[in-house]
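J.: My questions are about this predicted structure, shown below with the sequence.
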Amino acid sequence: MTKHLKISLFLLPLIIHSSSQAQVALAPSVTDGYLPADSEAVCEIPFFPEISDELEGPFEGALINDFTLYDLEGTPYTASEILEDGKPMMLISSSYSCFVYRWQIDKINTIQSVFGDFINIYVVYTVEAHPTDPSPYFNAVNIGAANYAEEILISQPLTYGERKDIVATMQTTHPVNVPVLLDTPCNDWWLNFGTNPNCAFFINPDGTVYDAQEWFDRYPDKMSNTIFSYFGEEPPVEEDSIPNGVFYLVDYEEDCIQDDPGMTIITSVDLANTATADSYLEILRLSEDLPSGWASSICTDVCYPPDVEVANMYLYEGTASYFSYYFYTDEYPGEGEVELLVKNVYTPANFYTVTLKACTSDGSVTAIEDIDADRLIVAPNPASNAFQIFAGDGWQQNTMLEMYDLNGQRVMLQPNLNLNGGYANVNVDQLPAGMYMLRLSDEMHSTTECIQIL
(Lines give C-alpha, C1' and ligand atoms only; values in the text may rest on other atoms or scores of the structure.)
Protein backbone atom coordinates (compact mmCIF):
# COMPACT_ATOMS: atom_id res chain seq x y z
CA MET A 1 0.00 0.00 0.00
CA THR A 2 1.51 3.31 -1.07
CA LYS A 3 2.63 5.56 1.75
CA HIS A 4 0.84 8.50 0.15
CA LEU A 5 -2.53 6.82 0.74
CA LYS A 6 -3.08 5.20 4.13
CA ILE A 7 -6.55 3.70 4.38
CA SER A 8 -7.73 2.00 7.53
CA LEU A 9 -9.11 -1.45 6.85
CA PHE A 10 -11.53 -1.17 9.77
CA LEU A 11 -13.96 0.53 7.42
CA LEU A 12 -14.59 -2.49 5.22
CA PRO A 13 -16.82 -4.49 7.58
CA LEU A 14 -18.95 -1.39 8.09
CA ILE A 15 -19.76 -0.96 4.42
CA ILE A 16 -23.00 -2.59 3.33
CA HIS A 17 -23.35 -3.75 -0.26
CA SER A 18 -25.84 -1.62 -2.13
CA SER A 19 -28.59 -3.51 -3.89
CA SER A 20 -29.21 -3.12 -7.59
CA GLN A 21 -31.61 -0.44 -8.68
CA ALA A 22 -33.76 0.42 -11.67
CA GLN A 23 -32.33 2.09 -14.73
CA VAL A 24 -30.67 5.37 -13.86
CA ALA A 25 -31.83 8.43 -15.81
CA LEU A 26 -28.85 10.60 -16.65
CA ALA A 27 -28.49 13.74 -18.74
CA PRO A 28 -28.27 13.12 -22.52
CA SER A 29 -25.32 11.05 -23.67
CA VAL A 30 -22.27 12.93 -24.92
CA THR A 31 -21.13 9.99 -27.06
CA ASP A 32 -22.67 8.25 -30.07
CA GLY A 33 -22.17 4.81 -28.55
CA TYR A 34 -20.49 3.06 -31.49
CA LEU A 35 -17.10 1.32 -31.35
CA PRO A 36 -14.70 3.46 -33.40
CA ALA A 37 -12.57 1.83 -36.08
CA ASP A 38 -8.84 1.86 -35.46
CA SER A 39 -8.42 3.97 -38.59
CA GLU A 40 -10.84 6.68 -37.46
CA ALA A 41 -9.04 10.00 -37.23
CA VAL A 42 -8.81 11.92 -33.98
CA CYS A 43 -10.59 15.27 -34.30
CA GLU A 44 -8.70 18.53 -34.05
CA ILE A 45 -7.86 19.20 -30.42
CA PRO A 46 -8.47 22.76 -29.18
CA PHE A 47 -5.80 24.51 -27.17
CA PHE A 48 -6.50 25.51 -23.59
CA PRO A 49 -3.44 27.68 -22.85
CA GLU A 50 -5.32 29.54 -20.13
CA ILE A 51 -6.76 26.57 -18.27
CA SER A 52 -7.02 27.12 -14.54
CA ASP A 53 -7.67 24.98 -11.49
CA GLU A 54 -11.37 25.68 -11.91
CA LEU A 55 -12.95 22.45 -13.05
CA GLU A 56 -14.42 22.56 -16.55
CA GLY A 57 -16.72 19.56 -16.09
CA PRO A 58 -19.80 18.80 -13.95
CA PHE A 59 -19.77 20.26 -10.46
CA GLU A 60 -20.85 18.71 -7.18
CA GLY A 61 -24.58 18.07 -7.16
CA ALA A 62 -24.90 18.12 -10.95
CA LEU A 63 -26.41 15.20 -12.88
CA ILE A 64 -23.77 13.77 -15.18
CA ASN A 65 -24.25 13.12 -18.87
CA ASP A 66 -24.48 9.53 -19.95
CA PHE A 67 -21.68 8.11 -22.09
CA THR A 68 -20.52 4.88 -23.68
CA LEU A 69 -16.79 4.26 -23.97
CA TYR A 70 -14.78 1.16 -24.82
CA ASP A 71 -11.72 -0.56 -23.39
CA LEU A 72 -8.85 -2.05 -25.41
CA GLU A 73 -10.80 -5.26 -26.06
CA GLY A 74 -13.80 -3.36 -27.40
CA THR A 75 -15.97 -3.98 -24.33
CA PRO A 76 -18.54 -1.18 -23.94
CA TYR A 77 -19.04 0.68 -20.66
CA THR A 78 -22.18 2.81 -20.38
CA ALA A 79 -22.47 5.07 -17.33
CA SER A 80 -26.22 4.59 -16.78
CA GLU A 81 -25.84 0.80 -16.90
CA ILE A 82 -22.85 0.82 -14.53
CA LEU A 83 -24.85 2.77 -11.94
CA GLU A 84 -27.71 0.25 -12.01
CA ASP A 85 -25.88 -1.97 -9.50
CA GLY A 86 -26.38 0.71 -6.84
CA LYS A 87 -22.69 1.40 -6.25
CA PRO A 88 -21.01 4.80 -6.57
CA MET A 89 -18.72 5.33 -9.53
CA MET A 90 -15.32 7.00 -9.69
CA LEU A 91 -13.98 8.47 -12.96
CA ILE A 92 -10.36 9.62 -13.32
CA SER A 93 -9.03 11.29 -16.46
CA SER A 94 -5.58 10.36 -17.70
CA SER A 95 -2.96 10.19 -20.42
CA TYR A 96 0.34 8.32 -20.58
CA SER A 97 2.33 11.52 -21.11
CA CYS A 98 0.74 13.10 -18.02
CA PHE A 99 3.39 12.41 -15.38
CA VAL A 100 1.00 13.64 -12.69
CA TYR A 101 -1.34 10.79 -13.60
CA ARG A 102 1.51 8.27 -13.57
CA TRP A 103 2.48 9.42 -10.07
CA GLN A 104 -1.08 8.64 -8.95
CA ILE A 105 -1.33 5.09 -10.31
CA ASP A 106 -0.24 3.53 -7.00
CA LYS A 107 -3.01 5.45 -5.23
CA ILE A 108 -5.60 4.30 -7.76
CA ASN A 109 -4.48 0.69 -7.39
CA THR A 110 -4.62 0.97 -3.59
CA ILE A 111 -8.14 2.40 -3.68
CA GLN A 112 -9.15 -0.39 -6.03
CA SER A 113 -7.67 -3.10 -3.80
CA VAL A 114 -9.39 -1.75 -0.67
CA PHE A 115 -12.68 -0.42 -2.04
CA GLY A 116 -13.05 -2.14 -5.40
CA ASP A 117 -15.95 -4.30 -4.18
CA PHE A 118 -17.92 -1.22 -3.19
CA ILE A 119 -17.05 1.36 -5.87
CA ASN A 120 -16.91 1.05 -9.66
CA ILE A 121 -13.63 2.75 -10.56
CA TYR A 122 -12.57 3.68 -14.09
CA VAL A 123 -9.72 5.54 -15.72
CA VAL A 124 -10.74 7.49 -18.82
CA TYR A 125 -7.95 7.93 -21.36
CA THR A 126 -8.07 11.35 -23.00
CA VAL A 127 -5.72 13.59 -25.01
CA GLU A 128 -1.98 13.54 -24.36
CA ALA A 129 -1.02 16.26 -21.88
CA HIS A 130 2.71 16.42 -22.65
CA PRO A 131 3.30 15.01 -26.14
CA THR A 132 6.30 15.71 -28.35
CA ASP A 133 4.12 18.07 -30.37
CA PRO A 134 2.36 21.15 -28.96
CA SER A 135 0.44 20.39 -25.77
CA PRO A 136 -3.26 21.33 -25.61
CA TYR A 137 -2.51 22.96 -22.24
CA PHE A 138 0.51 25.02 -23.25
CA ASN A 139 0.08 25.69 -26.99
CA ALA A 140 3.76 24.75 -27.23
CA VAL A 141 5.89 21.66 -26.82
CA ASN A 142 6.21 20.97 -23.09
CA ILE A 143 7.40 17.41 -22.61
CA GLY A 144 8.60 17.66 -19.02
CA ALA A 145 11.70 16.38 -17.28
CA ALA A 146 9.85 13.35 -15.89
CA ASN A 147 8.93 12.19 -19.38
CA TYR A 148 12.54 12.54 -20.53
CA ALA A 149 13.74 10.61 -17.51
CA GLU A 150 11.31 7.76 -18.20
CA GLU A 151 11.74 8.05 -22.00
CA ILE A 152 8.02 8.56 -22.49
CA LEU A 153 8.28 10.57 -25.70
CA ILE A 154 5.08 10.15 -27.65
CA SER A 155 3.21 12.33 -30.10
CA GLN A 156 -0.49 13.14 -30.00
CA PRO A 157 -2.22 10.15 -31.66
CA LEU A 158 -3.78 10.84 -35.03
CA THR A 159 -6.17 7.87 -35.02
CA TYR A 160 -8.20 5.88 -32.51
CA GLY A 161 -5.92 2.92 -33.17
CA GLU A 162 -2.84 4.95 -32.28
CA ARG A 163 -4.52 5.94 -29.01
CA LYS A 164 -5.18 2.25 -28.32
CA ASP A 165 -1.53 1.45 -28.97
CA ILE A 166 -0.43 4.05 -26.41
CA VAL A 167 -2.85 2.68 -23.81
CA ALA A 168 -1.54 -0.84 -24.43
CA THR A 169 2.01 0.37 -23.87
CA MET A 170 0.98 2.25 -20.72
CA GLN A 171 -0.70 -0.82 -19.29
CA THR A 172 2.52 -2.74 -19.84
CA THR A 173 4.88 -0.21 -18.26
CA HIS A 174 2.55 1.50 -15.75
CA PRO A 175 -0.39 -0.86 -15.19
CA VAL A 176 -3.49 0.40 -13.44
CA ASN A 177 -5.78 -2.27 -12.00
CA VAL A 178 -9.07 -0.77 -13.11
CA PRO A 179 -10.69 -0.66 -16.56
CA VAL A 180 -9.18 1.96 -18.85
CA LEU A 181 -11.84 3.47 -21.12
CA LEU A 182 -10.72 5.24 -24.28
CA ASP A 183 -12.32 8.56 -25.09
CA THR A 184 -13.96 8.90 -28.49
CA PRO A 185 -11.93 10.07 -31.50
CA CYS A 186 -13.53 13.52 -31.10
CA ASN A 187 -12.70 13.53 -27.36
CA ASP A 188 -16.33 13.92 -26.33
CA TRP A 189 -15.81 12.78 -22.74
CA TRP A 190 -12.82 15.10 -22.25
CA LEU A 191 -14.69 18.10 -23.62
CA ASN A 192 -17.76 17.47 -21.44
CA PHE A 193 -16.25 16.09 -18.22
CA GLY A 194 -13.46 18.56 -17.70
CA THR A 195 -10.45 19.28 -19.85
CA ASN A 196 -8.07 19.11 -16.90
CA PRO A 197 -5.41 16.43 -17.46
CA ASN A 198 -6.09 14.43 -14.27
CA CYS A 199 -9.48 15.43 -12.85
CA ALA A 200 -11.72 13.01 -10.96
CA PHE A 201 -15.40 12.57 -10.16
CA PHE A 202 -17.05 10.52 -7.41
CA ILE A 203 -20.58 9.83 -8.65
CA ASN A 204 -23.60 8.92 -6.51
CA PRO A 205 -25.62 5.88 -7.64
CA ASP A 206 -28.34 8.28 -8.85
CA GLY A 207 -25.87 9.90 -11.25
CA THR A 208 -25.26 13.13 -9.34
CA VAL A 209 -21.74 14.26 -8.52
CA TYR A 210 -20.81 13.67 -4.88
CA ASP A 211 -17.29 15.10 -5.24
CA ALA A 212 -15.48 16.74 -8.14
CA GLN A 213 -11.71 17.17 -7.96
CA GLU A 214 -9.84 19.41 -10.37
CA TRP A 215 -6.85 17.13 -9.80
CA PHE A 216 -7.27 13.59 -8.54
CA ASP A 217 -6.20 13.33 -4.89
CA ARG A 218 -4.13 16.50 -5.01
CA TYR A 219 -3.54 18.18 -1.67
CA PRO A 220 -5.63 19.35 0.13
CA ASP A 221 -8.23 17.14 -1.61
CA LYS A 222 -7.95 13.47 -0.71
CA MET A 223 -10.06 10.88 -2.47
CA SER A 224 -9.80 8.59 0.55
CA ASN A 225 -11.51 11.28 2.65
CA THR A 226 -14.25 11.50 0.02
CA ILE A 227 -14.79 7.74 0.25
CA PHE A 228 -14.90 7.75 4.05
CA SER A 229 -17.33 10.67 4.02
CA TYR A 230 -19.59 8.97 1.48
CA PHE A 231 -19.88 5.87 3.64
CA GLY A 232 -20.48 7.94 6.78
CA GLU A 233 -17.13 7.39 8.46
CA GLU A 234 -14.58 9.80 9.92
CA PRO A 235 -11.29 9.71 7.98
CA PRO A 236 -8.36 8.32 9.99
CA VAL A 237 -5.85 10.89 11.23
CA GLU A 238 -2.46 10.64 9.54
CA GLU A 239 0.39 11.95 11.66
CA ASP A 240 2.63 12.79 8.70
CA SER A 241 -0.07 14.21 6.45
CA ILE A 242 1.16 17.83 6.57
CA PRO A 243 3.41 18.44 3.52
CA ASN A 244 6.08 20.54 5.24
CA GLY A 245 9.23 18.95 3.78
CA VAL A 246 12.06 21.36 2.95
CA PHE A 247 12.61 21.96 -0.78
CA TYR A 248 15.60 23.43 -2.63
CA LEU A 249 16.03 25.74 -5.57
CA VAL A 250 18.22 23.81 -8.02
CA ASP A 251 18.62 26.06 -11.05
CA TYR A 252 17.10 28.71 -13.28
CA GLU A 253 18.30 30.99 -16.07
CA GLU A 254 19.36 34.33 -14.58
CA ASP A 255 20.23 35.96 -17.91
CA CYS A 256 17.68 37.40 -20.29
CA ILE A 257 16.37 34.69 -22.62
CA GLN A 258 16.41 35.95 -26.20
CA ASP A 259 13.99 35.32 -29.04
CA ASP A 260 12.31 37.12 -31.90
CA PRO A 261 9.40 39.52 -31.41
CA GLY A 262 6.07 37.75 -31.39
CA MET A 263 7.43 34.52 -29.95
CA THR A 264 6.47 32.91 -26.64
CA ILE A 265 9.57 32.79 -24.44
CA ILE A 266 9.65 29.97 -21.90
CA THR A 267 11.91 29.74 -18.88
CA SER A 268 11.94 27.10 -16.15
CA VAL A 269 12.77 26.94 -12.44
CA ASP A 270 14.11 23.58 -11.22
CA LEU A 271 13.25 22.44 -7.69
CA ALA A 272 14.06 19.40 -5.56
CA ASN A 273 12.76 17.85 -2.36
CA THR A 274 15.32 15.67 -0.57
CA ALA A 275 13.36 15.59 2.69
CA THR A 276 11.32 12.75 4.17
CA ALA A 277 8.05 14.64 3.79
CA ASP A 278 6.25 16.13 0.81
CA SER A 279 6.31 19.87 0.11
CA TYR A 280 3.33 22.09 -0.66
CA LEU A 281 4.55 25.20 -2.45
CA GLU A 282 3.10 28.55 -3.34
CA ILE A 283 4.39 30.46 -6.37
CA LEU A 284 3.57 34.14 -6.01
CA ARG A 285 4.20 36.83 -8.62
CA LEU A 286 5.65 39.72 -6.59
CA SER A 287 6.21 42.16 -9.44
CA GLU A 288 6.06 42.32 -13.20
CA ASP A 289 7.61 44.80 -15.62
CA LEU A 290 6.49 44.05 -19.17
CA PRO A 291 6.00 46.04 -22.38
CA SER A 292 2.37 47.09 -22.84
CA GLY A 293 1.71 44.46 -25.51
CA TRP A 294 3.12 41.53 -23.52
CA ALA A 295 1.50 39.12 -21.09
CA SER A 296 2.86 36.30 -18.94
CA SER A 297 1.72 33.15 -17.14
CA ILE A 298 2.77 30.89 -14.30
CA CYS A 299 2.80 27.30 -15.58
CA THR A 300 2.92 24.28 -13.29
CA ASP A 301 1.05 21.26 -14.66
CA VAL A 302 -0.93 23.71 -16.78
CA CYS A 303 -0.54 27.38 -17.69
CA TYR A 304 -2.69 29.75 -15.69
CA PRO A 305 -4.33 32.87 -17.13
CA PRO A 306 -2.09 35.96 -17.08
CA ASP A 307 -4.16 37.58 -14.33
CA VAL A 308 -3.54 34.68 -11.90
CA GLU A 309 -0.96 35.91 -9.39
CA VAL A 310 -0.60 32.77 -7.24
CA ALA A 311 -0.29 29.09 -8.11
CA ASN A 312 0.38 26.03 -5.98
CA MET A 313 2.68 23.11 -6.61
CA TYR A 314 3.03 19.77 -4.82
CA LEU A 315 6.51 18.26 -4.60
CA TYR A 316 6.73 14.69 -3.35
CA GLU A 317 9.51 13.69 -1.00
CA GLY A 318 12.68 12.55 -2.72
CA THR A 319 11.69 13.95 -6.12
CA ALA A 320 12.73 16.79 -8.42
CA SER A 321 10.41 18.83 -10.58
CA TYR A 322 10.08 22.27 -12.14
CA PHE A 323 7.63 24.96 -13.07
CA SER A 324 7.75 27.19 -16.12
CA TYR A 325 7.07 30.83 -16.78
CA TYR A 326 5.74 31.97 -20.16
CA PHE A 327 6.33 35.42 -21.63
CA TYR A 328 3.87 36.16 -24.45
CA THR A 329 5.60 38.86 -26.51
CA ASP A 330 4.25 41.13 -29.23
CA GLU A 331 5.67 42.06 -32.64
CA TYR A 332 7.92 44.81 -31.29
CA PRO A 333 11.37 44.42 -29.69
CA GLY A 334 11.31 44.70 -25.93
CA GLU A 335 12.43 43.44 -22.55
CA GLY A 336 10.40 42.16 -19.64
CA GLU A 337 11.03 40.64 -16.25
CA VAL A 338 9.10 39.17 -13.37
CA GLU A 339 10.01 38.54 -9.73
CA LEU A 340 8.57 35.42 -8.13
CA LEU A 341 8.43 34.17 -4.56
CA VAL A 342 8.52 30.38 -4.23
CA LYS A 343 7.69 29.44 -0.67
CA ASN A 344 6.87 26.40 1.43
CA VAL A 345 3.33 26.89 2.72
CA TYR A 346 3.91 24.91 5.93
CA THR A 347 7.57 25.81 6.52
CA PRO A 348 7.59 29.62 6.18
CA ALA A 349 11.38 29.95 6.55
CA ASN A 350 11.85 27.80 3.43
CA PHE A 351 11.48 30.17 0.46
CA TYR A 352 13.33 31.61 -2.54
CA THR A 353 12.91 34.62 -4.79
CA VAL A 354 13.81 34.46 -8.47
CA THR A 355 13.88 37.06 -11.22
CA LEU A 356 13.13 35.80 -14.72
CA LYS A 357 13.85 37.87 -17.82
CA ALA A 358 12.83 37.76 -21.47
CA CYS A 359 14.14 39.86 -24.37
CA THR A 360 13.14 40.17 -27.99
CA SER A 361 15.83 41.42 -30.32
CA ASP A 362 15.84 44.43 -32.61
CA GLY A 363 14.46 43.84 -36.07
CA SER A 364 11.63 44.70 -38.33
CA VAL A 365 8.93 42.09 -38.00
CA THR A 366 5.83 43.58 -39.52
CA ALA A 367 3.76 40.76 -40.91
CA ILE A 368 4.44 37.28 -39.64
CA GLU A 369 2.33 34.59 -41.30
CA ASP A 370 2.12 31.11 -39.85
CA ILE A 371 2.88 28.41 -42.36
CA ASP A 372 0.63 25.36 -42.24
CA ALA A 373 2.52 22.87 -40.07
CA ASP A 374 1.68 20.10 -42.57
CA ARG A 375 4.00 21.80 -45.08
CA LEU A 376 7.06 21.38 -42.86
CA ILE A 377 8.19 17.77 -43.13
CA VAL A 378 11.21 16.51 -41.19
CA ALA A 379 12.63 13.08 -42.04
CA PRO A 380 13.89 10.88 -40.63
CA ASN A 381 12.48 11.74 -37.24
CA PRO A 382 14.07 10.57 -34.94
CA ALA A 383 17.37 11.32 -36.69
CA SER A 384 20.96 10.35 -35.93
CA ASN A 385 23.50 12.47 -37.81
CA ALA A 386 21.41 14.37 -40.34
CA PHE A 387 17.87 14.92 -41.54
CA GLN A 388 16.10 16.54 -44.46
CA ILE A 389 13.35 19.12 -44.30
CA PHE A 390 10.74 19.93 -46.92
CA ALA A 391 9.13 23.31 -46.39
CA GLY A 392 7.25 23.89 -49.63
CA ASP A 393 7.35 27.01 -51.77
CA GLY A 394 7.16 30.68 -50.89
CA TRP A 395 10.19 31.05 -48.62
CA GLN A 396 12.55 33.96 -49.20
CA GLN A 397 16.31 33.73 -49.74
CA ASN A 398 17.08 34.87 -46.20
CA THR A 399 15.27 31.92 -44.61
CA MET A 400 16.73 31.16 -41.17
CA LEU A 401 16.85 27.77 -39.46
CA GLU A 402 17.15 27.61 -35.68
CA MET A 403 17.13 24.70 -33.25
CA TYR A 404 16.37 25.03 -29.54
CA ASP A 405 16.73 22.58 -26.69
CA LEU A 406 13.88 22.11 -24.21
CA ASN A 407 15.37 24.73 -21.88
CA GLY A 408 14.81 27.33 -24.59
CA GLN A 409 18.51 27.66 -25.45
CA ARG A 410 19.35 28.04 -29.13
CA VAL A 411 21.83 25.32 -30.10
CA MET A 412 21.97 25.82 -33.87
CA LEU A 413 21.62 28.76 -36.26
CA GLN A 414 21.78 28.76 -40.06
CA PRO A 415 20.96 32.35 -41.06
CA ASN A 416 20.71 31.78 -44.84
CA LEU A 417 19.34 28.30 -45.37
CA ASN A 418 19.57 27.00 -48.92
CA LEU A 419 16.08 25.72 -49.69
CA ASN A 420 16.56 24.05 -53.06
CA GLY A 421 13.07 23.32 -54.35
CA GLY A 422 11.78 23.58 -50.81
CA TYR A 423 14.27 20.96 -49.56
CA ALA A 424 17.30 21.34 -47.30
CA ASN A 425 19.72 18.95 -45.60
CA VAL A 426 20.65 19.61 -41.97
CA ASN A 427 23.66 18.08 -40.21
CA VAL A 428 23.19 17.51 -36.47
CA ASP A 429 26.05 15.15 -35.65
CA GLN A 430 27.41 17.67 -33.13
CA LEU A 431 24.21 17.81 -31.07
CA PRO A 432 23.68 15.53 -28.06
CA ALA A 433 20.74 13.14 -28.04
CA GLY A 434 17.45 14.66 -26.98
CA MET A 435 14.33 16.50 -28.11
CA TYR A 436 14.64 19.80 -29.97
CA MET A 437 12.42 22.43 -31.50
CA LEU A 438 13.26 23.33 -35.11
CA ARG A 439 12.16 26.78 -36.22
CA LEU A 440 12.11 27.99 -39.83
CA SER A 441 11.47 31.67 -40.47
CA ASP A 442 11.86 34.54 -42.91
CA GLU A 443 10.43 38.06 -42.96
CA MET A 444 6.94 36.79 -43.78
CA HIS A 445 6.70 33.25 -42.43
CA SER A 446 7.40 31.21 -39.33
CA THR A 447 6.83 27.55 -38.49
CA THR A 448 8.18 25.04 -35.99
CA GLU A 449 8.53 21.28 -35.68
CA CYS A 450 9.74 18.94 -32.96
CA ILE A 451 12.59 16.53 -33.73
CA GLN A 452 14.34 13.87 -31.70
CA ILE A 453 18.09 13.34 -32.08
CA LEU A 454 19.34 9.87 -31.22
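T.: It's in. Numbers count the residues shown, from 1 in each chain.
J.: Now do the same contact list for Gln332.
T.: Careful, residue 332 is Tyr; it's not Gln. By Cβ atoms under 8 Å, 6 or more residues apart in numbering, the contact list for Tyr332 reads Pro261, Pro291, Gly293, Thr360. From N, CA and C alone the C-beta is placed, and that goes for glycine too.
J.: can you list the residues you listed in TSV and add secondary structure, distance to Ser29 and pLDDT?
T.: Shown next, in TSV, are the contacts of Tyr332 (DSSP: H, G, I helix; E, B strand; the rest coil; distance: Cβ to Cβ, whole Å; pLDDT from 0 to 100):
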residue	secondary structure	distance to Ser29	pLDDT
Pro261	coil	47	88
Pro291	coil	48	94
Gly293	coil	45	88
Thr360	strand	48	92
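J.: Could you turn the buried ones of those into a ChimeraX selection?
T.: Buried members of the contacts of Tyr332, defined by 16 or more other Cβ atoms under 10 Å, are picked up in ChimeraX with:
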select :261,291,360
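J.: all helices of the stretch 201-350 of the chain, in order?
T.: Assigned by DSSP state H, counting those that start in this stretch, the helices in the stretch 201-350 of the chain fall at 223-230.
J.: With the stretch 1-150 of the chain instead?
T.: Going by DSSP H, counting those that start in this stretch, the stretch 1-150 of the chain shows helices at 79-82, 99-115, 145-150.
J.: Of the contacts of Tyr332, which is the nearest to Val24?
T.: Nearest to Val24, judged by Cβ to Cβ, of those is Gly293 at 52.0 Å.
J.: What separation is there between Tyr436 and Leu376?
T.: 14 Å (Cβ to Cβ, to the nearest Å).
J.: which one of the two has more residues nearby?
T.: More neighbours surround Tyr436 than the other of Tyr436 and Leu376, with 22 against 18 (other Cβ atoms under 10 Å).
J.: related to what we said a few turns ago, name the stretch among the helices of the stretch 1-150 of the chain that sits most buried.
T.: helix 99-115 (a mean of 20; mean count of other Cβ atoms under 10 Å).
J.: ok, back up a step: would you turn the helices of the stretch 1-150 of the chain into JSON lines with mean pLDDT and distance to Asp221?
T.: Listed next are those as JSON lines, based on pLDDT from 0 to 100; distance: least, Cβ to Cβ, whole Å:
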{"stretch": "helix 79-82", "mean pLDDT": "97", "distance to Asp221": "22"}
{"stretch": "helix 99-115", "mean pLDDT": "94", "distance to Asp221": "12"}
{"stretch": "helix 145-150", "mean pLDDT": "77", "distance to Asp221": "22"}
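J.: Now do the strands in the stretch 1-150 of the chain.
T.: 68-70, 76-78, 89-94, 120-125 (DSSP state E, counting those that start in this stretch).
J.: right, and these - which one's nearest Ile283?
T.: strand 89-94 (23.8 Å).
J.: who does the closest one touch, helix- and strand-wise?
T.: Here strand 89-94 is seen to pack against helix 99-115, strand 120-125, strand 200-203 when contacts are counted using 3 or more Cβ pairs under 8 Å, 6 or more residues apart in numbering; DSSP states H and E.
J.: who does that strand pair up with?
T.: Note on strand 89-94: by DSSP bridges, its sheet partners are strand 120-125 (parallel), strand 200-203 (antiparallel).
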